[in-house]
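Structural data only, the sequence is not supplied:
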């Protein structure tokens with residue numbers, strides 16, 4: 001699907017959304033997020049979202065600055081979940097918003113024009129409303145049930161993802177229970193990119209896990 005729609009979103013090549021790591025320090029097995037992200041980047045991750053709901057502002061910003069410094073030499077965008085203030089403070093390339101986060105219109109006014117915005121959609125009503133918003137991609141969440149995010153609606157499943165694909169031309173990043181065993185099926189159902197948490201953060205070797213996912217995706 002990557003070649004079937006617009007090649008770029010605001011300020012980021014669409015290909016950068018292809019293998020999208022979402023952080024979770026509780027899945028890291030005692031390793032630092034920086035170590036996990038560094039290994040995953042070596043394996044082919046193309047985008048990293050810092051999503052750490054339990055960190056205070058100071059620690060969240062400190063982690064964001066570490067990741068920004070790590071990713072910048074590779075040209076990999078850093079996306080900040082929810083926290084517009086942290087995104088501005090660290091110079092992140094993107095922000096991801098959930099349905100309960102700051103409204104997109106207000107976030108767009110606060111952010112520099114080249115910072116891209118992703119929006120989670122959990123229902124078809126969310127998808128319909130997204131057409132009126134200044135968003136650059138949709139996070140279709142969750143595709144499958146997942147223990148790393150329990151505050152969401154009923155999983156979309158592959159049929160639901162196909163419905164979303166038919167309803168919007170925006171790039172779609174699928175998230176929720178995605179791993180090497182189902183990655184190809186999710187792409188075939190209409191996802192332009194795959195967002196993964198435990199498949200990389202919990203992997204004994206995040207680099208090897210990322211390599212395996214990229215091989216599956218790139219042969220699709």
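Ah, there it is. Just so we're clear, the structure is a prediction, and the values are computed from it rather than from any experiment.

and the strand or helix carrying residue 209, what does it pack onto?
Using DSSP states H and E, residue 209 sits in helix 206-218. Helix 206-218 makes packing contacts with strand 19-22, helix 33-43, helix 183-188, strand 193-196, helix 198-201 when contacts are defined by 3 or more CB pairs under 8 Å, 6 or more residues apart in numbering; DSSP states H and E. (Each C-beta comes from the backbone N, C-alpha and C, glycine too.)

OK, contacts around residue 53?
Counting by CB atoms under 8 Å, 6 or more residues apart in numbering, residue 53 touches residue 81.

where does it land on pLDDT?
At residue 53, the model reports a pLDDT of 91.

Secondary structure of it: a strand, I assume?
No: read with DSSP: H, G, I helix; E, B strand; the rest coil, residue 53 is coil and lies in no strand.

Look up phi and psi at it.
phi -60, psi -20 (degrees, to the nearest 10).

Would you mind measuring from it to residue 128?
Per CB to CB, to the nearest Å, residue 53 is found 27 Å from residue 128.

Over to residue 106?
From residue 106 to residue 128 the distance is 20 Å (CB to CB).

Could you list every helix and strand in contact with the strand of greatest length in the chain?
Identified as the longest strand of the chain according to DSSP state E is strand 116-121. If contacts are counted by 3+ CB pairs under 8 Å, 6+ apart, strand 116-121 sits against strand 94-97, helix 104-110, helix 124-130, strand 137-140.

what sits against residue 71?
Neighbours of residue 71 in contact, by CB under 8 Å, 6+ apart: 37, 41, 48, 77-78.

Can you flag the buried ones in the residues you listed?
37, 41, 48, 77-78 (16 or more other CB atoms under 10 Å).
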